[in-house]
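Engineer: my questions concern the predicted model and sequence given below.
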Amino acid sequence: MMRPVFGFLAGLIFGLGLILGGMANPLKVMNFLDIFGTWDPSLAFVMGGAAVTAFVGFRLAWRQDRPRLMPAFDLPSATQIDGRLLGGAAIFGIGWGTSGFCPGPAWVALPIAAPGTLIFVPAMVIGIVLGRALK
Amino acid sequence: MLPAIPTEFTPWASLGGGILIGLSAVMVMALFGRIAGITGITAGAVASGDRGWRIAFVAGLLAAPLLWLAVTGGFPQQTVSTDLTGMAVAGLLVGAGTALGSGCTSGHGVCGLARLSARSLAAVVTFMLFAALAVFVLRHVFGGVA
């Protein structure tokens, strides 16, 4: 019972952060990426604030023997920088730049129900399933 | 693709939003011992295995704009492309790309950088570069015709 409750709370806080930070607005995301045009550097503050907070908080979390609701930590172990990592990141970048949506903001935007979002989210989920199968 | 309409620079709200995202990532690490990557959480929510907390996390993301509406009286301001074919293709690219590249803005960008992962740094530089390139080509080469 604790896992779904805290999972929901973590998702809610994440989503509110995306909204407050401006990432739920694809136009703002595109303006962040448009350095030679209508540049809006705001999203650097979202990423910076999130990464610094996580940098400090992760180190506090890792002082525990194990996470509170799971038997053990389960972190990515891969270290090699290969074609699949960079190719996947490039494909993602093109999709992100043309739509202004990355996965978190797309979920958050779904209940607002803009037609573009209603098309984007199912396509994204299909893409994730296909991408996983390819891997 | 969206026209080049300026948006307001919001450093403090964006910093506050970033800190909330960071706190959520720390919650996931401290409680579940995992990376708060939305791609991985989405994949885990639709696949078999330990789905419960991941489905709940996605439900939390969906609840955020509704809580925003209840508190402020309006949905968050947004402008979304009305090119539905373009959005379908972009959705496929975002999903497949993040699955192949093992992460998105949250998994690599927030959590990976916080773990000082060289792999994540390489991914972040790559997707930022290609995203900026895509915007440059669409807005400045084709002039936002699409």
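Structural biologist: Yep, that arrived.
Engineer: from here on, just use CA atoms for contacts and neighbour counts.
Structural biologist: OK.
Engineer: where's residue 125, which helix or strand?
Structural biologist: Since you didn't name a chain, this refers to chain A. For A:Val125, the host element (DSSP states H and E) is helix A:115-134.
Engineer: you answered for a different chain; I wanted chain B.
Structural biologist: helix B:118-136.
Engineer: how far is that helix from where the chain is centred?
Structural biologist: 14 Å (Cα atoms, centre = their mean, to the nearest Å).
Engineer: right, is it up against chain A?
Structural biologist: Yes. Contact of helix B:118-136 with chain A (Cα under 8 Å from any Cα of the partner chain) involves B:118-119, B:122-124, B:126-136.
Engineer: neighbouring contacts of stretch B:50-59?
Structural biologist: A:3-12, A:107, B:41-42, B:44-45 (Cα atoms under 8 Å, 6 or more residues apart in numbering or on different chains).
Engineer: among these, who's most crowded?
Structural biologist: Ranked by the number of neighbours (other Cα atoms under 10 Å in any protein chain shown), these place A:Gly11 first, at 32 neighbours.
Engineer: what secondary structure does that one sit in?
Structural biologist: helix (DSSP: H, G, I helix; E, B strand; the rest coil).
Engineer: if I look at it, how far off is chain B?
Structural biologist: Going from A:Gly11 to chain B by Cα to the nearest Cα, to the nearest Å gives 4 Å.
Engineer: ok, A:Ala24 next?
Structural biologist: The value you get for A:Ala24 to chain B, if Cα to the nearest Cα is used, is 7 Å.
Engineer: number of nearby residues for the nearest residue to B:Phe130 once chain neighbours are set aside?
Structural biologist: With Cα to Cα, 6 or more residues apart in numbering or on different chains as the criterion, B:Phe130 has its nearest non-adjacent residue at 4.9 Å, and that residue is A:Gly93. Using other Cα under 10 Å, A:Gly93 has 34 other residues around it.
Engineer: shouldn't A:Gly93 be in contact with B:Ala131?
Structural biologist: Yes. A:Gly93 is in contact with B:Ala131 according to Cα atoms under 8 Å; the separation is 4.2 Å.
Engineer: so what's residue 110 up against?
Structural biologist: You didn't say which chain, so I picked chain A. A:Thr117, A:Leu118, A:Val121, B:Leu62.
Engineer: looking at chain B here, not the other one
Structural biologist: Here B:Val110 is in contact with A:Met47, A:Ala50, A:Ala51, A:Ala54, B:Gly22 (criterion: Cα under 8 Å, 6+ apart).
Engineer: pick the one among the residues you listed closest to B:His140.
Structural biologist: Checking the contacts of B:Val110 against B:His140 by Cα to Cα gives A:Met47 as the nearest, at 25.6 Å.
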